[in-house]
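Novice: I need the structure of the sequence given here:
(chains A and B)
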Amino acid sequence: MPEILQLDFMVRAFITSALVGMTAPVIGVFLVQRRLALLGDGIGHVALTGVGLGFLTHTSPVLTALVVSAVGAVLIELVRTHTRTSGDLALALLFYGGIAGGVFLTGLAPGATSADLTSFLFGSVSTVSPQDVVLVALLAVAVLAVLGYFGRELFVLCQDEELARVHGIPVRFLSTVLAVVAAVTVVLAMRVVGVLLVSALMVVPVAAAQQLTRSFRATVRLAVLLGVLAALTGLSTAYYTDTAPGAAIVLVAIALFVTAAGGGILLRRRRFRTVPEAESPPAVGTISGTDPGSVSP
Amino acid sequence: MSSSSLPTAPAFTARDVAVAYDGKPVLRDVSFEIARGETVAVMGPNGSGKSTLVRALLGVVPLSGGQVWIGGTPLRRFRDWAQIGYVPQRLSVGGGVPATVREIVASGRINRRRRFRPLTAHDRDAVTEALTAVGLLDRADDSVYHLSGGQQQRVLIARALAGEPDIFVMDEPMAGVDAANQQALARTIESLAARGATILLVLHELGPLEPLIGRALTLENGTLVSDGAPQHSDHGCCSGRDHSRTDTGRPPPTLPYIEVSRRA
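Specialist: Numbering: from 1, shown residues only, chains lettered A, B, ... in the order given. Sure, this is the predicted structure:
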């Protein structure tokens, strides 16, 4: 057995990372499709206020972060749908408010140091307790169960909100569900990647996977695979280089993205060369059936 | 298939319907009934409120006045959405996560499927049939985003077909579809009508659907200016706007057929 796996805290960190790497891209794929790729980031910043509150009240920062970020997620949905504030402005408000609240409350808390805050900002391998592992496992199961239950509805909702309404899908309810599930994912990923980088683990594996896939199902599967790969490789790298795991995990994920983007270009080139043009030539004066967006002469 | 609504009640009833965006009226005092099995076109120049009207009928945009009934049920209490197949103006790309043609078309059966059950043989048949009807069966496993605008339009129509609704609402289904496929779609719509489906279409021009449409609701500046047999050669209603017109699906040689769809 490699030395790294003989350390209890590393085994806990590996289990947690694998769970996070698996869960984050599944919610991420819906957020990306809904053009809310930065929602995780906004919630992450709010979670920091929750962490600060935990320090101040001497309760578990994970639990306070869970409550505060879930409330923040609902708030952002309300702001997005009920006011004239656009989605990205609502996110900006969350970013600033969340991080300011976190730093301020941590400053007020007696005994809390900036090192404590840093471990939540960028993740930390050594601080994952056995209770954390259990909590993260439960949250991961909850997140995947909710996404599995509403998967079909969420697919339609994230594709086209208007179409979802005409199917009688409860759009507002499901949008809130999506935001709260994103908040829970942020909190479960917080110990490993940190609140500032958690959103990367939701979004980057999805961005990498979609370079190579044609179907939604395959995108989800590949994103999960890449997420777990990035989490485990990044964590090992962090251990051997004595750096924050969040940074290493995200850099691995981005390397996977670059590789996938290159692979995607090659794949498409080959596809274009081998697939014969099935479409009959378009009638003169019509929108061409083959080249998107152009008008044939 | 449909249970909750009365089979004899009109498919749609609109009474004094008004819609306003940001306090600016877009539709005013629109009233009509569409009987079961009717094929009706909503026509009018750009900006006349055609799309807004069908979206208001489906509850996608809120009414600022008046009332709508679907199958005799007030819109607010209407729940039997499996009855309705809606074809939006265009495929929404969203964040660009890939999805195959088959995945999109199968999602049209969302109200017909039970949770946690895999696709049944009937689900699969309905999807295959819908793909065949629009001539895209050979592209079923391609990403929808690799298709042209006209092909994407056909995916959306197949999506509505797959749900086996008995009321179809189509927002400019022919936009961006080339002449040959317009003919094919017209035949599909004709067979739906022959099967007794109610079809409400937003159209910019009758084109190859001309023989099918016995009734047109014509809007101008948000009001219903005529309800009856369509005017078959109505030129001049859209002069100076951003598209040219064809009359019978045969485009004039010099002008490209471009439909610029509006999105509110």
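
Novice: now do the lengthiest helix in chain A: which elements does it pack against?
Specialist: Criterion DSSP state H: the longest helix present in chain A is helix A:245-274. Applying 3 or more CB pairs under 8 Å, 6 or more residues apart in numbering or on different chains; DSSP states H and E, we find helix A:245-274 packed against helix A:8-33, helix A:114-122, helix A:171-193, helix A:198-209, helix A:216-241. Yep, even glycine has a C-beta here, placed from its N, CA and C like the rest.

Novice: now that helix: mean pLDDT?
Specialist: In this model, helix A:245-274 has an average pLDDT of 88.

Novice: that older thread, return the most buried member of the helices and strands packed on helix A:245-274.
Specialist: helix A:198-209 (a mean of 28; mean count of other CB atoms under 10 Å in any protein chain shown).

Novice: for that helix, packing partners?
Specialist: helix A:8-33, helix A:39-57, helix A:171-193, helix A:216-241, helix A:245-274.

Novice: pick out the residue nearest the middle of chain B.
Specialist: Centroid-nearest residue in chain B, with CA atoms, centre = their mean: B:Met170, separated by 0.3 Å.

Novice: show me what the helix or strand hosting it is packed against.
Specialist: B:Met170 belongs to strand B:167-171 when elements are defined using DSSP states H and E. In terms of contacts (3+ CB pairs under 8 Å, 6+ apart), strand B:167-171 is packed against helix B:50-57, strand B:84-87, helix B:149-162, strand B:198-202.

Novice: switch to 10 Å and redo it
Specialist: For strand B:167-171, the packing partners by 3 or more CB pairs under 10 Å, 6 or more residues apart in numbering or on different chains; DSSP states H and E come out as strand B:39-43, helix B:50-57, strand B:84-87, helix B:149-162, helix B:179-194, strand B:198-202.

Novice: tell me the angle the longest one makes with strand B:167-171.
Specialist: Translated: helix B:179-194. Angle, helix B:179-194 to strand B:167-171, by axes from the mean of the first three to the mean of the last three CA atoms, to 10 degrees: 150 degrees.

Novice: phi and psi next, for the closest residue to B:Gly65 other than its chain neighbours.
Specialist: Closest residue in space to B:Gly65, ignoring its immediate chain neighbours: B:Ala18 at 3.6 Å, by CB to CB, 6 or more residues apart in numbering or on different chains. Main-chain torsions, B:Ala18, degrees, to the nearest 10: phi -130, psi 140.

Novice: isn't A:Leu117 right up against A:Thr49?
Specialist: No: A:Leu117 is not in contact with A:Thr49 according to CB atoms under 10 Å; the separation is 11.5 Å.

Novice: what sits against A:Ala73?
Specialist: Counting by CB atoms under 10 Å, 6 or more residues apart in numbering or on different chains, A:Ala73 makes contact with A:39-40, A:42-43, A:46-47, A:94, A:176-184, A:186.

Novice: OK, now which residue of chain B is nearest to chain A?
Specialist: B:Trp81 (3.4 Å; CB to the nearest CB).

Novice: before we move on, the earlier item: the helices and strands packed on helix A:198-209 into a markdown table, with extra columns for distance to B:Arg112?
Specialist: Output for these, formatted as a markdown table (distance: least, CB to CB, whole Å):
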| stretch | distance to B:Arg112 |
| --- | --- |
| helix A:8-33 | 22 |
| helix A:39-57 | 31 |
| helix A:171-193 | 19 |
| helix A:216-241 | 19 |
| helix A:245-274 | 33 |
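
Novice: among these, which is nearest B:Pro208?
Specialist: For B:Pro208, the closest of the helices and strands packed on helix A:198-209 is helix A:245-274, at 32.2 Å, according to CB to CB.

Novice: quick one: buried residues of that closest one?
Specialist: Neighbour-count burial for helix A:245-274 flags A:245-253, A:256-257, A:260, A:264 (criterion: 16 or more other CB atoms under 10 Å in any protein chain shown).

Novice: nearest to chain B among the residues you listed?
Specialist: Looking across the buried residues of helix A:245-274 and measuring by CB to the nearest CB, the closest to chain B is A:Gly264, at 10.6 Å.

Novice: got the end-to-end distance for stretch B:141-157?
Specialist: One end of stretch B:141-157 to the other measures 17 Å (CA to CA, to the nearest Å).

Novice: actually, stretch B:62-78.
Specialist: This stretch, stretch B:62-78, spans 14 Å end to end (CA to CA).

Novice: now it: buried residues?
Specialist: Buried residues in stretch B:62-78, counting neighbours by 16+ other CB under 10 Å, are found at B:Leu63, B:Ser64, B:Gly66, B:Val68, B:Trp69, B:Ile70, B:Gly71, B:Thr73, B:Leu75, B:Phe78.

Novice: among those residues, which are in strands?
Specialist: B:Gly66, B:Val68, B:Trp69, B:Ile70, B:Thr73 (DSSP state E).

Novice: closest to B:Val87 out of those?
Specialist: B:Ile70 (16.6 Å).

Novice: distance of the closest one from A:Ser126?
Specialist: To A:Ser126, B:Ile70 is 61 Å away according to CB to CB, to the nearest Å.

Novice: related to what we said a few turns ago, for the residue of chain B closest to chain A, what are its contacts?
Specialist: Contacts of B:Trp81 (CB under 10 Å, 6+ apart): A:Arg165, A:Val166, A:His167, A:Gly168, A:Ile169, B:Leu58, B:Gly59, B:Ile70, B:Ile110, B:Asn111, B:Gly163, B:Pro165.

Novice: lowest-confidence one in these?
Specialist: Taking the contacts of B:Trp81 together, the minimum pLDDT is found at B:Asn111 (86).

Novice: what's the neighbour count on it?
Specialist: Using other CB atoms under 10 Å in any protein chain shown, B:Asn111 has 16 neighbouring residues.

Novice: relative to B:Gly85, how far out is it?
Specialist: 10 Å.

Novice: okay, and the common contacts of these two?
Specialist: Joint contacts of B:Asn111 and B:Gly85 (CB under 10 Å, 6+ apart) are A:His167, B:Gly163, B:Glu164, B:Pro165.

Novice: of those residues, which belong to strands?
Specialist: Per DSSP E, the shared contacts of B:Asn111 and B:Gly85 never map to strands.

Novice: out of those residues, which is nearest to A:Ala209?
Specialist: Closest approach to A:Ala209 among the shared contacts of B:Asn111 and B:Gly85 (CB to CB): A:His167, at 26.7 Å.

Novice: report the distance from the strand holding B:Met170 to the chain centre.
Specialist: 3 Å (CA atoms, centre = their mean, to the nearest Å).

Novice: quick one: low-confidence parts of chain B?
Specialist: By pLDDT under 70, the low-scoring segments of chain B are B:1-7, B:232-264.

Novice: now do the stretch 51-200 of chain A
Specialist: A:83-88.

Novice: got the phi/psi numbers for the residue in it positioned nearest to chain B?
Specialist: Closest to chain B within the stretch 51-200 of chain A is A:Gly168: 3.4 Å, counting by CB to the nearest CB. Here the main-chain torsion angles of A:Gly168 (degrees, to the nearest 10) amount to phi 80, psi 20.

Novice: so it touches B:Asp80, yeah?
Specialist: Yes: counting by CB under 10 Å, B:Asp80 is a contact partner of A:Gly168 at 8.2 Å.
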